[in-house]
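[1] From the sequence below, what's the structure:
(chains A and B)
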Amino acid sequence: MDTTLSATRAQHWSRTRRQPTALGRLFDSKTFLIIACLLPTVGLLGVFLTYPLGLGIWLAFTDGTIGRRGQFVGFENFEWLFSDPIFWNAVFFSVFYTALATVGKFALGLWLALLLNQYMPFKAFFRAIILLPWIVPTVLSAIAFWWMYDPQFSIISWVFIELGWRETNIDFIGSEWPARFSLIAANIWRGIPFVAISLLAGLQTISPSLYEAALLDGASPWQRFRYITFPMLLPILAIVMTFSIIFTFTDFQLVYAITRGGPVNSTHLLATLAFQRGIPGGELAEGAAIAVSMIPFLVFATLFSYFALARRKWQQGEGND
Amino acid sequence: MSNSASASPEAMQWDSRARRVVMLWVPLCCFLFILLFPFYWMTVTAFKPDAELYDFATHNPFWITSPTLAHIRMLLFETSYPSWLWTTMLVSVGATFLSLFASTLAAYAIQRLRFRGSQYVGLAIYLAYLVPPSILFIPLATMVVQLGLFDSPMALILVYPTFLVPFCTWLLIGYFKSIPYELEECALIDGATRLQILTKITLPLAVPGLISAGIFSFTLSWNEFIYALAFIQSSENKTVPVAILTELVTGDVYQWGALMAGSLLGSLPVAIFYSFFVDYYVSSLTGAVKE
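    Sure thing, here's the model as predicted:
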């Protein structure tokens, strides 16, 4: 009795269901929805990312300048660049800067993450305050570093002299090698928070039972780090490192704000050299060629990331992304 | 067995207090000092009168004897700092809304509408995040000139989504994944259209994810430098980071007080914004990395 009643009700209900309008049907069609939802993103990225990427590669093979569409000139720009010592110096410094800054960031960042992973009061507060260098606009903190590196009124020099460690002011950005190391120090300073917080997230996913088992087996702290922490951290480490390498290699702001490539072009990164030649210099094609010469490096870093991700899936079993 | 140090693992785990101070608190305080010192120095410089600024012999440089607002007053009333702040705010808010709109729809399509090849679209968007602005700004500059947008904040609002949309989409895909699909199935059975499901079920549940994506976009657009440097020429249309470096640095004598005051004021909005949403920040940063 009860069941028949509800069955008739259901029939009745479905018959009076409001027919959707044409527009409603259109919005219920899955194909239309997929296209409509992807359109803004695909449009924005297509017009302002994919197209300029192609245009940049095309520009690198022309002789275009500001206000003039260039003619195709083949590899002329690259031949010219390859005979330019300033370009090779920028390549060298980009690699050197990336290598040293990455090592520094990851060594110190991992250390900070391990410190923050221990039990302590005000942990959330520390975690929040440590991210500050990463939050604040890079150029603005770079200007603060510029001021701290001032040849005459550097606070760092002042402290060293007061402590009696040095006689004269330190020449931070006035000559070639000190300027390079000063920039790398500033980059490490800016990079530590991101690395530390990301690795901290990785550390927190490691099950404490692994450490308990290792303790029962009598593993030393170093063994626990080497055989538990490090392997478990490797997948996140690989991703964060890829990002860090890509964005350090293509860095622009720090160098542009602190030294602008000087003294005597010794601290140009490829990005700052491309900017200097391309925008104020007006040699768009040459700037584009310098920018394009960064691409092989980025492809390499991306492939590295892809295989690290693939390996992670393989480790954890499929369907876990 | 015979090794006395490993005899009791408990003793190794529970370090003595002194050891804990040396191993934890000393390095942590060093890290904090180094990471925060530039901000302290920025603040101190911004409020120091010029006489103290360039005289370390009679004044301790770490402290201010007679604080002054002269640098900030000069910045606010003798430069176009307020209009730089206004442009930056406009550009950041505009770019944030544009990229939130685009990336919410894209993330919904990829994660929920599940069509053939959707994971490849996701991968392509992830790859787009790996294309750095440094290799795009030259061709983009020629495009901006051709579109007649040179020297207009509109150019920045349109261009910033190139690095915001991939990040936000990625973050939101992860967020949508955490919302049970059963809720949408229920709604479908109840006769809701897909548009209703999106606006009445999924989006309200995804609000924390949207907030995370929004604050990240805002901060990233506020901090952006290279596009703003390349596309904007007239003084009043510049964004704060660019304007401080190009408008306040004049000649060989740097106005360090004003420069630091400008940096401080330019950092404050993001720092305040950050302090309100710090938990969203940390969780979305770590969540995005773990994805």
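[2] What is the least confident helix or strand in the chain?
    No chain in the question, so chain A it is. helix A:2-15 (a mean of 52; mean pLDDT, DSSP states H and E).
[3] Which strands or helices does the next helix or strand after that one pack on?
    As assigned by DSSP states H and E, the chain's next helix or strand after helix A:2-15 is helix A:22-28. Applying 3 or more Cβ pairs under 8 Å, 6 or more residues apart in numbering or on different chains; DSSP states H and E, one finds that helix A:22-28 contacts helix B:194-196. C-beta: built from backbone N, CA, C; applies to glycine.
[4] Is any residue of the helix it packs on near chain A?
    Yes. Against chain A, helix B:194-196 shows contacts by Cβ under 8 Å from any Cβ of the partner chain at B:194-195.
[5] Look up how far B:Ile179 lies from the residue of the stretch 101-250 of chain A found nearest chain B.
    Proximity of the stretch 101-250 of chain A to chain B (Cβ to the nearest Cβ) peaks at A:Ala201, 3.2 Å away. According to Cβ to Cβ, to the nearest Å, A:Ala201 and B:Ile179 sit 21 Å apart.
[6] neighbour-wise, which of the two wins?
    Using other Cβ atoms under 10 Å in any protein chain shown as the criterion, A:Ala201 and B:Ile179 rank with A:Ala201 on top: 20 against 16.
[7] Any stretches of the chain with poor pLDDT?
    By default, I'm working from chain A. A:1-20, A:305-306, A:308-321 (pLDDT under 70).
[8] hm, I was asking about chain B
    Short version for chain B, where the test is pLDDT under 70: B:1-15, B:251-253, B:284-291.
[9] can you count the residues close to B:Ser263?
    Neighbour tally, B:Ser263, other Cβ under 10 Å: 31.
[10] And what about it, helix, strand or coil?
    Under the three-state scheme (DSSP: H, G, I helix; E, B strand; the rest coil), B:Ser263 adopts helix.
[11] Skipping adjacent residues, who's closest to it in space?
    What sits nearest to B:Ser263 in space, not counting adjacent residues and going by Cβ to Cβ, 6 or more residues apart in numbering or on different chains, is A:Leu140, at 3.9 Å.
[12] Quick check: phi and psi at the spatially closest residue to A:Thr259 that is not a sequence neighbour.
    Nearest residue to A:Thr259 in three dimensions, chain neighbours excluded: A:Thr267, at 4.7 Å (Cβ to Cβ, 6+ apart). For A:Thr267, the backbone dihedrals (degrees, to the nearest 10) come out as phi -110, psi 20.
[13] Kindly report the residues of the stretch 201-321 of chain A close to chain B.
    Going by Cβ under 8 Å from any Cβ, the residues of the stretch 201-321 of chain A near chain B are A:201-202, A:205, A:215-216, A:218, A:220-221, A:236, A:239-240, A:246-247, A:250-253, A:256-257, A:270-271, A:274-275, A:278-279, A:284, A:287-288, A:291-292, A:294-295, A:298, A:301-302, A:305, A:321.
[14] Inside helices: which ones of these?
    Among those, DSSP state H puts A:201-202, A:215-216, A:221, A:236, A:239-240, A:246-247, A:253, A:256-257, A:270-271, A:274-275, A:278, A:284, A:287-288, A:291-292, A:295, A:298, A:301-302, A:305 in helices.
[15] List only buried entries from those residues.
    Buried by 16 or more other Cβ atoms under 10 Å in any protein chain shown: A:201-202, A:236, A:239-240, A:246-247, A:253, A:256-257, A:270-271, A:274-275, A:278, A:284, A:287-288, A:291-292, A:298, A:301-302, A:305, out of those.
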